[in-house]
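Engineer: Next come a sequence and a model predicted from it.
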Number of protein chains: 2
Amino acid sequence: MFLTQCLHRGIAHHPDRIATVYGERRRTYRQFFDRVAHAGGALRQLGVKPGDRVCVLALNSDRYLECYMGVLWAGAIVNPANTRWSKAEIVYSLNDCEPSVLIVDDNFRSMVDGVQAEAKSVRHVIYIGEDEAPPTGMLAYERLLTEAEPVPDAFLGNSDPAAIFYTGGTTGYPKGVLLSHTNLLAAAFSRLALGYVPGNAYLHTSGLFHLTGALGVMWQFLSGGTHIILPGFDAEKVMATIEKEKVTDTLLVPTMIQMIIQHPKLEQYDLSSLSTLVYGGSPIAETLLDAAIRAFPGASFIQGYGMTELAGAICFLPAHYHTAEGRKERKLGSAGRASVLSEIKIVDAEGQEAPRGAVGEIAVRSASTMIGYWGKPDETAAVLRDGWMHSGDGAYMDEEGFIFIVDRIKDMIVSGGENVYSAEVENAMSKHPGVASCAVIGVPSKQWGESVHAVVVPKPNVQIGAEELIAHCKGLIAGYKCPRSVEFRATLPLSGAGKVQKGLIRAPFWEGHSRNVS
Amino acid sequence: MFLTQCLHRGIAHHPDRIATVYGERRRTYRQFFDRVAHAGGALRQLGVKPGDRVCVLALNSDRYLECYMGVLWAGAIVNPANTRWSKAEIVYSLNDCEPSVLIVDDNFRSMVDGVQAEAKSVRHVIYIGEDEAPPTGMLAYERLLTEAEPVPDAFLGNSDPAAIFYTGGTTGYPKGVLLSHTNLLAAAFSRLALGYVPGNAYLHTSGLFHLTGALGVMWQFLSGGTHIILPGFDAEKVMATIEKEKVTDTLLVPTMIQMIIQHPKLEQYDLSSLSTLVYGGSPIAETLLDAAIRAFPGASFIQGYGMTELAGAICFLPAHYHTAEGRKERKLGSAGRASVLSEIKIVDAEGQEAPRGAVGEIAVRSASTMIGYWGKPDETAAVLRDGWMHSGDGAYMDEEGFIFIVDRIKDMIVSGGENVYSAEVENAMSKHPGVASCAVIGVPSKQWGESVHAVVVPKPNVQIGAEELIAHCKGLIAGYKCPRSVEFRATLPLSGAGKVQKGLIRAPFWEGHSRNVS
């Protein structure tokens, strides 16, 4: 299982097919292959050896993809950096991952100006931006390609390390997730096993530093198709690009689908070329799915569930369950079933398999399971036990193996012996028209063990009271799940990935108390 | 990548689905899983340790499948023995492979009676036949299952050895091909990546000792479907079983398809349930394909090409090229293209990649490439060079990467500087109504280097002359390809797998001469 093999096959089968489209720039598989071989040669000339790390800090582009594959070609480990991070976070990850080369585009050239003083491992910075001349102290990518001799593919594979992706880090410092060639390929195969059309046109809208973006890299190279690349998500640009490039496949999260559906110019674009839309991050609401089907009349919908530690996706809800016929089976609220190279079980707090229908933690045994956290054996051992990756996600499994995610395990509240899933309570709260966002946590309670507490950000210029909100919830969910206390704040603390940092909200309440999971 | 994982997933997703059908006997996934766990326990009790070999010498059955998976469950290596072999060949392979346990059915109980005297490694013989009482000296399978405690799955995978299959051995002694978990899974995935329906009904007709049979084991367990098992191929039983069990998928070689098409009772059976027919061994003639489409009106056709050393199949001609529309692309005579986990190149005698269209040897780099020949490092090194498996098959590749097989490399004849493919000449000869079978070889020639020589078995009671046959060929193929000499024989020497042993025919002609490839 070799990540670069798809390029060799691309050259053998369709050298003149377009490999990458970035704006007006188009390159064939032959050109892409040639540039990757030169990029590999350039990295080698800069002293990059097999096993070394090369960091890419850039928005999506064709050059990003060339570098991604070029690093693998040279036998090194690619580290796509989180483009949403602050400079301090970037410096932290550079010092953790210790890449010898850093590759940046125009968006990050100023951020990394002089970064070598703070990240000592970085010996060279390569500029892949669009300016002719590189910034001072950086090497020009195009010139490196021209001057470097192409090298043969190092052709590493199987359990060899291929990439390090940093997790969002909602608690504590971010961790580098080390993935092998097999990890990444197995995740891509799980998707291909659901059916695909060779030579299709895939639109990249998600950042390649995240697995939702990186998955598309592998499954598209494996299927031998064309990569249509946008620097990032923009609803109108996505629509315009689908129409212009006759995009057949893409991956979006439900929020992005929502933004497209609600876009005032939706009707102006022909989106009928789209044949498969993979979404992830959460199940899709039936009303949103209906609107999405109207917007993308030719598309099948597939949900993927996974996490960085599982190389992206190990569980899928196939297209069938999204159709009128399939919806009768009522699996749309599910995250699907273990993929063809994976196995899922729901475990209780003691690590024993829970009965069907009982909520516990999702544990996964898969060809996609990470090698481990980079340089963190203790953190690795804490989640990877007996070959099972413990996800931290709370869910139950039905009789047919479909999993239904209820909450993050650490966000579950045990109140009076009953499990309360904060996500369910937040869902109910959010339906109140005055609520902009909210977070529900457990706080210490002598009587109940934990008591349900809500932190609410009201919509601008809206006045709502605690009692009104609690009454609203009682109309939607069982009484014991409803908040016993509500407080109002102007903002909620968010992680770099935009997730609410409940740990930070919870901490002050628990000072002097102990909680089973923090 | 773990071969037994599909059973765990089967239990999670569809424990009550039928896993195996053998005659009137049906077992669910739960039952199958349970029996495999007990079979694993029984093998452990008999002293089988991880890495040990267990040989199965039996026609296809549900118990064969249980043992196959049970051996893997115990962490051992399964060695499905060639059911077409003589006792001497079986004893040879047992002494080469050294299994500690031998499993036999009713068809081979007499053959292996007292075999332990000749194959010292065999400590136990397990009887999986249908009689209540086992033959003397053998252990009763059902009783072992009842008495053994189930054991946890050893859960080996990835590069761990999983199986040893013996090659036909048209020259010299047969060789054991050692395949890993990844090897077998990668081959199965290459098929699944072409599209499949989860939970389908697959009919096993090919012997499980051959990769054409064993491939079906893996792709069917991966897709979570039902195994319908026949002991072997019988045209009418195949038709009756397709109708009765509503079989959706199977694998046949063109000769078997021919036997079904020509069967007098073809019209009496409803074969419309068949949705995918994989065939291998050779391309399918257009007339045969047309007849097959009429016989199986619901079926898509997929060709697979591979060999034991490549865990079965690494190259596929997808269904599209068999349709009226797809046939316009004229790939039907091709063996297809490298699968999604493989790479193919055509190499010349010096090992350099040949230009497109030029005939050379098929070399393959694939996740399916064997670990090596069991206990034969020199023979392994001779074919596995720089990660490329050298197939011994002569072929050319077109501009789109499709390969067209012309002959075994060692059977190609170089006459007057021109390549002559014995297969092409035999094909022409076979069109003469008087020819039952024939073999075309190169014999030493002072003038031409090699000269084309034909050995012909005439049809019973037919008189044909050499000149008549040569003239017949001249009407079909270029003059330099036609035989310069013809001899008539009553039979041709055949291998256990039914292949003509050209090496034996060639040998007497080459005594005292040297030939580049023997």
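Structural biologist: Looks like it came in fine.

Engineer: drop to CA atoms for contacts and neighbour counts, all remaining ones
Structural biologist: Noted.

Engineer: got the domain boundaries for chain A?
Structural biologist: Annotated domains of chain A cover A:27-156, A:342-408, A:412-510 [automatic domain parsing].

Engineer: averaged over its residues, what pLDDT does the shortest one have?
Structural biologist: It stands for domain A:342-408. Averaged across domain A:342-408, pLDDT comes to 94.

Engineer: Can you get me the start-to-end distance on it?
Structural biologist: By C-alpha to C-alpha, to the nearest Å, the extent of domain A:342-408 from end to end equals 21 Å.

Engineer: Next: the longest one.
Structural biologist: Separation of the first and last residues of domain A:27-156 by C-alpha to C-alpha is 25 Å.

Engineer: next one: stretch A:123-135
Structural biologist: One end of stretch A:123-135 sits 16 Å from the other (C-alpha to C-alpha).

Engineer: Go through it and flag the buried ones.
Structural biologist: Residues of stretch A:123-135 classed as buried: A:124-129, A:134-135 (neighbour count, 16 or more other C-alpha atoms under 10 Å in any protein chain shown).

Engineer: want to throw the domains of chain A into CSV with distance to chain B?
Structural biologist: CSV is the format used below for the domains of chain A (distance: least, C-alpha to the nearest C-alpha, whole Å):
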stretch, distance to chain B
domain A:27-156, 10
domain A:342-408, 4
domain A:412-510, 24
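
Engineer: Mind putting those domains into JSON lines with distance to residue B:27?
Structural biologist: Below are the domains of chain A laid out as JSON lines (distance: least, C-alpha to C-alpha, whole Å):
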{"stretch": "domain A:27-156", "distance to residue B:27": "43"}
{"stretch": "domain A:342-408", "distance to residue B:27": "18"}
{"stretch": "domain A:412-510", "distance to residue B:27": "39"}
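
Engineer: Would you single out the least confident of the ones you listed?
Structural biologist: domain A:412-510 (a mean of 89).

Engineer: And that one, how far out from the chain middle?
Structural biologist: On the basis of C-alpha atoms, centre = their mean, to the nearest Å, the separation between the geometric centre of domain A:412-510 and that of its chain is 26 Å.

Engineer: Likewise for stretch A:392-406?
Structural biologist: Distance of stretch A:392-406 from its chain centroid, counting by C-alpha atoms, centre = their mean, is 20 Å.

Engineer: CA atoms only for it, dumped as CSV, please.
Structural biologist: These are the backbone C-alpha positions of stretch A:392-406, laid out as CSV (Å, rounded to 0.1, in the frame of the first residue of the first chain):
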residue,chain,number,x,y,z
GLY,A,392,-14.0,10.0,23.3
ASP,A,393,-17.4,10.0,21.4
GLY,A,394,-20.4,8.8,23.2
ALA,A,395,-22.9,6.7,21.2
TYR,A,396,-25.1,3.7,21.0
MET,A,397,-25.3,1.0,18.4
ASP,A,398,-28.5,-0.4,17.1
GLU,A,399,-29.2,-4.1,16.3
GLU,A,400,-27.9,-3.6,12.7
GLY,A,401,-24.6,-2.0,13.8
PHE,A,402,-25.5,1.6,13.0
ILE,A,403,-24.1,4.0,15.5
PHE,A,404,-25.9,7.0,16.8
ILE,A,405,-23.6,9.6,18.4
VAL,A,406,-25.0,11.4,21.5
